[in-house]
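In: I'd like to go over a predicted model; first the sequence, then the structure.
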Amino acid sequence: AQTVTQSQPEMSVQEAETVTLSCTYDTSESDYYLFWYKQPPSRQMILVIRQEAYKQQNATENRFSVNFQKAAKSFSLKISDSQLGDAAMYFCAYTGLGNNDMRFGAGTRLTVKP
Amino acid sequence: GAVVSQHPSWVICKSGTSVKIECRSLDFQATTMFWYRQFPKQSLMLMATSNEGSKATYEQGVEKDKFLINHASLTLSTLTVTSAHPEDSSFYICSAPPGGIAGVETQYFGPGTRLLVL
């Protein structure tokens, strides 16, 4: 079974600085999708960024980018120019190709200090 | 972007009663929807996959007779917690893949339903 591991329960960053959240996963599949979701205090899950495993280029969405290392099964999220509104729980997630069954990591709570 | 709604947003009920939670895809059709459960300070755990026109599939350890799922149409799935007990108190979240440009693998989530069983 696919597993997703987030080894950082909590992270803290100064406003305007950069922070990287770690995620590793385990799978025997060659094609799959990886995601980062943000869950603010409202508990609404918000899609931050998505990466297709067959694409070598790292996904980028404005201040959010990923470092996808397929061989190492690593998928980290970098948040640049951190803002107070970035404070939330961040979940790394995995789903197989055509398989909508999404598996989540334990989450990382990000605090942004003014 | 794709929008998924849930109703109610929170509910308090007495032990032994049943509670129905609705999940709707507002601007797209979803043949499949997913139901998750999230305990405080924990991750989302998949409970079941709701399939339009067929029976739901449940994850191991989830009682299908306790958590009834009905995918009534291409935009509506309902989760009924039958004979609720305090240990069923949790945050329930549904999701659906919009397909199209976003792909069938991307999930969009409802805002969640907080259930408290007294």
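Out: The structure has been received and is ready for your questions. Residues are numbered from 1 along each chain as shown, chains lettered A, B, ... in the order given.
In: only C-alpha atoms for contact and neighbour calcs from this point on.
Out: Will do.
In: got the phi/psi numbers for the spatially most central residue of chain A?
Out: Central residue of chain A (Cα atoms, centre = their mean): residue A:36, 3.2 Å from the mean position. Main-chain dihedrals, residue A:36, degrees, to the nearest 10: phi -120, psi 130.
In: Next: residue B:26.
Out: phi -90, psi -30.
In: Neighbours of it, how many?
Out: Residue neighbour count, defined by other Cα atoms under 10 Å in any protein chain shown, stands at 13 for residue B:26.
In: quick one: contacts for residue B:3?
Out: Residues near residue B:3 by Cα atoms under 8 Å, 6 or more residues apart in numbering or on different chains: B:25-27, B:108-110.
In: Equivalent analysis for residue B:6, please.
Out: B:21-24, B:94, B:110-113.
In: Quick check: ChimeraX command selecting the buried ones in these.
Out: Only the buried entries of these go into this ChimeraX selection, using 16 or more other Cα atoms under 10 Å in any protein chain shown:
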select /B:21,22,23,24,94,110,111,112,113
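In: Tell me which residues of whichever strand or helix holds residue A:109 come out buried.
Out: Assigned by DSSP states H and E, residue A:109 belongs to strand A:108-113. The neighbour-count check on strand A:108-113 (16+ other Cα under 10 Å) flags A:108-112 as buried.
In: can you list those in JSON lines and add distance to residue A:101?
Out: As requested, the buried residues of strand A:108-113 are exported to JSON lines (distance: Cα to Cα, whole Å):
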{"residue": "A:108", "distance to residue A:101": "21"}
{"residue": "A:109", "distance to residue A:101": "24"}
{"residue": "A:110", "distance to residue A:101": "26"}
{"residue": "A:111", "distance to residue A:101": "29"}
{"residue": "A:112", "distance to residue A:101": "32"}
